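Novice: sequence and predicted structure below; questions after.
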Amino acid sequence: MKEVAFADLPSLAGQEIGVSDWLEITQERVNQFAEATGDHQWIHVDVDRATREIGGPIAHGYLTLSLIPFLGAKLLKVNGVTRGINYGSDKVRFTNMVRVGKKVRMRQKLLSVEAKAGGLQMKNECTIEIEGEDRPACVAETISIVYGA
């Protein structure tokens, strides 16, 4: 894990922050996401049909996107932060499907750090990679704001 003081956060702009551990995408996780969102499309939750028609069930694109906070939690510690908020995204692209049983990880690059609303606005490029595949599952530019003491 990379560690930095709140005041020194801007010095990391333009750098790769790190790469997360691998996480297996299980059918249970896909089913739980379907329950939480109401998206029960057969390509995600009907294992038999998905296996027959497309080679197996695939994770929801938004499930993949939702893993960004979890996968990034152990990549960067900013000392002196009192709170942080998700501010949005500039770009999100789903460039490859994630089949159930595959493993994903996130590569994070801190694109910019700017003063905003009494804190520091961080823009990150988050790339969700799939083990054994050349094309990533998702590339997203996420924006958050952290506040110091």
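Specialist: Noted; the coordinates are in hand. What you see is a predicted model; the values in this text were computed from it and never measured.
Novice: next up, phi/psi of the residue nearest the centre of the chain, please.
Specialist: Closest residue to the average C-alpha location of the chain: Ile68 at 2.0 Å, with CA atoms, centre = their mean. Here is the backbone geometry of Ile68 (degrees, to the nearest 10): phi -60, psi -50.
Novice: please apply the same query to His60.
Specialist: Taking degrees, to the nearest 10, you get phi -60, psi 140 for the backbone angles of His60.
Novice: how about low-confidence regions in this protein?
Specialist: For the chain, no stretch has pLDDT under 70.
Novice: name whatever forms a beta bridge with Gly84.
Specialist: Assessed by DSSP bridges, Gly84 has beta-bridge partners Val146.
Novice: any idea how far Leu71 is from Arg135?
Specialist: Counting by CB to CB, to the nearest Å, the gap from Leu71 to Arg135 is 18 Å. Every residue, glycine included, has its C-beta placed from N, CA and C.
Novice: skip ahead from the longest helix along the chain and say which helix or strand is next.
Specialist: Secondary structure of the chain per DSSP state H: the longest helix is helix 27-37. Reading on from helix 27-37 to the C-terminus, the next helix or strand found by DSSP states H and E is helix 42-45.
Novice: show residues contacting that next one.
Specialist: Outside helix 42-45, the residues within contact range by CB atoms under 8 Å, 6 or more residues apart in numbering are 30-31, 33-34, 49-50, 54, 57-60.
Novice: kindly recompute the last result at 10 Å.
Specialist: Residues from elsewhere that reach helix 42-45 (CB atoms under 10 Å, 6 or more residues apart in numbering): 27, 30-31, 33-35, 39, 48-50, 53-54, 56-60, 63, 97, 100.
Novice: compute the inter-axis angle for the helix or strand following that helix and helix 27-37.
Specialist: For helix 42-45, the following helix or strand on the C-terminal side (DSSP H and E) is helix 47-54. Interaxial angle, helix 47-54 versus helix 27-37 (axes from the mean of the first three to the mean of the last three CA atoms, to 10 degrees): 100 degrees.
Novice: which residues touch Lys116?
Specialist: Taking CB under 10 Å, 6+ apart as the test, what Lys116 contacts is 87, 122, 143, 145-146.
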